[in-house]
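Asker: Could you work out the structure for the sequence below:
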Amino acid sequence: MNIEKLSWVLRGKQRREIIKFMDKVQTPTEIAKRSRYSLNHTSRVLRDFVKKGIAKCLNPKEKTGRLYVLTKEGKEIRDKLIKK
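Answerer: Predicted coordinates for the structure are as follows:
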């Protein structure tokens, strides 16, 4: 696991909360509802996760209904946070 990425997730409250709800393939709307953050904030965090290699978008060409899932590294980070 990349310590810099773990540290980056830990430094952001929204990032910490949103990654905990990414336990399956979901749309940003589903993640936003579960995490109780706005869709705008959730979408921004998801874009950041994709840039960092923590999550990936399964259908990036779609305008709506994009599906996101954690990468292997993202799952390791989530598991580390949940165990705390």
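Asker: same for the lengthiest helix in the chain, what does it pack against?
Answerer: Ranked by residue count, the top helix of the chain under DSSP state H comes out as helix 39-52. With contacts defined as 3 or more CB pairs under 8 Å, 6 or more residues apart in numbering; DSSP states H and E, helix 39-52 has these neighbours: helix 13-20, helix 28-35, strand 55-57, strand 68-70. Backbone N, C-alpha and C define where each C-beta goes, glycine included.
Asker: And the ones you listed: which comes nearest E4?
Answerer: For E4, the closest of these is helix 13-20, at 13.4 Å, according to CB to CB.
Asker: looking only at pLDDT, what's the mean for the closest one?
Answerer: Mean pLDDT, computed over helix 13-20, is 96.
Asker: Same question for stretch 34-45.
Answerer: For stretch 34-45, mean pLDDT is 96.
Asker: now do stretch 76-84
Answerer: Mean pLDDT, stretch 76-84: 89.
Asker: What residues sit buried inside that stretch?
Answerer: Within stretch 76-84, the residues scored as buried using 16 or more other CB atoms under 10 Å are E76, I77, R78, L81.
Asker: Can you lay out the residues you listed as a markdown table showing secondary structure and distance to E30?
Answerer: Below are the buried residues of stretch 76-84 laid out as a markdown table (DSSP: H, G, I helix; E, B strand; the rest coil; distance: CB to CB, whole Å):
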| residue | secondary structure | distance to E30 |
| --- | --- | --- |
| E76 | helix | 22 |
| I77 | helix | 20 |
| R78 | helix | 16 |
| L81 | helix | 19 |
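Asker: In CSV: those residues, plus distance to F21.
Answerer: Rendered in CSV, the data for the buried residues of stretch 76-84 read as follows (distance: CB to CB, whole Å):
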residue, distance to F21
E76, 16
I77, 13
R78, 9
L81, 11
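Asker: Name the nearest of those relative to F49.
Answerer: I77 (9.6 Å).
Asker: roughly how far apart are the closest one and K52?
Answerer: For I77, the distance to K52 equals 10 Å [CB to CB, to the nearest Å].
Asker: what touches both of those two?
Answerer: Residues touching both I77 and K52 (CB atoms under 8 Å, 6 or more residues apart in numbering) are K5.
Asker: In contact with the residue nearest the centre of the chain, which residues?
Answerer: Among the residues of the chain, I19 comes closest to the average C-alpha position under CA atoms, centre = their mean, at 4.3 Å. Residues in contact with I19 (CB under 8 Å, 6+ apart) are V9, F49, I54, L70, G74, I77, R78, L81.
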